[in-house]
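Undergrad: pasting the sequence and the predicted coordinates here, then a few questions.
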Amino acid sequence: MTAHVPLPQRLVIATRASRLALWQAEHVRDRLRTLYPACEVELLTLTTRGDQILDRTLSKVGGKGLFVKELEHALLDGRADLAVHSLKDVPVDMHAPFALSTILERADCRDAFVSGRYASLDELPAGAVVGTSSLRREAQIRAARPELVVKPLRGNLDTRLGKLDAGDYDAVVLAAAGLQRLGLTERIRQYLEPSQSLPAAGQGALGIEIRDDRLDMQAWLAPLACAHTTACVSAERAVSRTLGGSCQVPLAAFAQLEGERLQIDALVASPDGKRMLRASRTGSPADAERLGIEAAQELLSAGADAILAELLQDQPAG
């Protein structure tokens, strides 16, 4: 801690009310308490519109921003000092007066296949019903197994698993990290490797949002940042930002560091999975954002612009 920034005395973390969101906020709270033992760290639990609207897919009700707006209001009016998010839920076009100050070390980035009856995606019979909340997952499932029925699945993690257990679905595909964080690893029947289901930008990582004028918060949170994860997700989010990515777009971006080289793989698909475009770039981690932009531009040159235009045309007005 630099000499001119005093140690924090009290910090309030804004969080969604779901069990997974609370785990994530408590994880950051515990890290902060370890860093600053004299600091009082509290949670401010809020319910977002994204948590309230469960009868429609996110792509039809305003996108991922629905999960952060109420938390941002708490940052603005001073009720909270920081907000903890699943990074894949944070819009890539964050603007003042907010800043994504800190990205923590990434957990498992993969998608997970969960089913009470079947051991893998390949084992599902024709006509089996698969639930997912993500157009990205839906497109890749349809491309691999066009004979399956893919249906929307909303709600928090416990709600989704409850719908599976009630027999509404034969299988569901969820983020592996969420299941692992809640001690539900035994529910995972198959890990879908990135070659099978390319992850969403930022999947498995936690991001901390603050007001962009809180230089004190930037200094206090700096020890939590993971340079490795930050480089990877910077490339991933650059792909999404360049393509205007949101949950309305079947878009995937996944970067990994091997030695001193960063590789970014990106994908844009039509929701039915019949058109799937891929791009890849490799370079220095210092050029992470540029590599992501170049991968996105390659996708656009290959025809992603036509897919995106069709998706925008199909979206409901307002």
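TA: Now that the structure is in, tell me what you want to look at.

Undergrad: can you show me the helices along the stretch 1-150 of the chain?
TA: 19-35, 49-52, 58-61, 69-76, 135-144 (DSSP state H, counting those that start in this stretch).

Undergrad: closest one to residue 114 among those helices?
TA: helix 135-144 (12.2 Å; CB to CB). Where you see a C-beta, it was placed from the backbone N, CA and C, and this is true even at glycine.

Undergrad: in that closest one, what's buried?
TA: By neighbour count on 16 or more other CB atoms under 10 Å, the buried set for helix 135-144 is 135, 136, 137, 138, 139, 140, 141, 142, 143.

Undergrad: output the below-cut-off pLDDT ranges for the protein.
TA: Across the chain, residues meeting the criterion (pLDDT under 70) sit at 1-3, 48-67, 245-247, 314-318.

Undergrad: the strands in it, which residues?
TA: Ranges of strands in the chain, per DSSP state E, are 10-16, 40-46, 82-86, 98-103, 111-114, 129-132, 149-152, 171-175, 188-192, 206-211, 251-258, 261-269, 276-283.

Undergrad: go through the longest one and flag the buried ones.
TA: Right, strand 261-269. Applying a neighbour-count criterion of 16+ other CB under 10 Å, one finds 262, 263, 264, 265, 266, 267, 268, 269 buried in strand 261-269.

Undergrad: now those residues in TSV, with distance to residue 108?
TA: Formatted as TSV, the buried residues of strand 261-269 follow (distance: CB to CB, whole Å):
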residue	distance to residue 108
262	19
263	18
264	19
265	17
266	20
267	19
268	24
269	23
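
Undergrad: so which of the residues you listed comes closest to residue 11?
TA: Using CB to CB, residue 262 is the member of the buried residues of strand 261-269 that lies nearest residue 11, at 32.5 Å.

Undergrad: chain center to stretch 211-230: distance?
TA: For stretch 211-230, the separation from the chain centroid amounts to 19 Å (computed by CA atoms, centre = their mean, to the nearest Å).

Undergrad: and the end-to-end length of that stretch?
TA: By CA to CA, to the nearest Å, the extent of stretch 211-230 from end to end equals 19 Å.

Undergrad: mean neighbour count, the helices of the stretch 1-150 of the chain: which tops it?
TA: Among the helices of the stretch 1-150 of the chain, helix 135-144 has the highest mean neighbour count (mean count of other CB atoms under 10 Å), at a mean of 23.

Undergrad: how far off strand 188-192 does it point, in degrees?
TA: Angle of helix 135-144 versus strand 188-192, following axes from the mean of the first three to the mean of the last three CA atoms, to 10 degrees, is 80 degrees.
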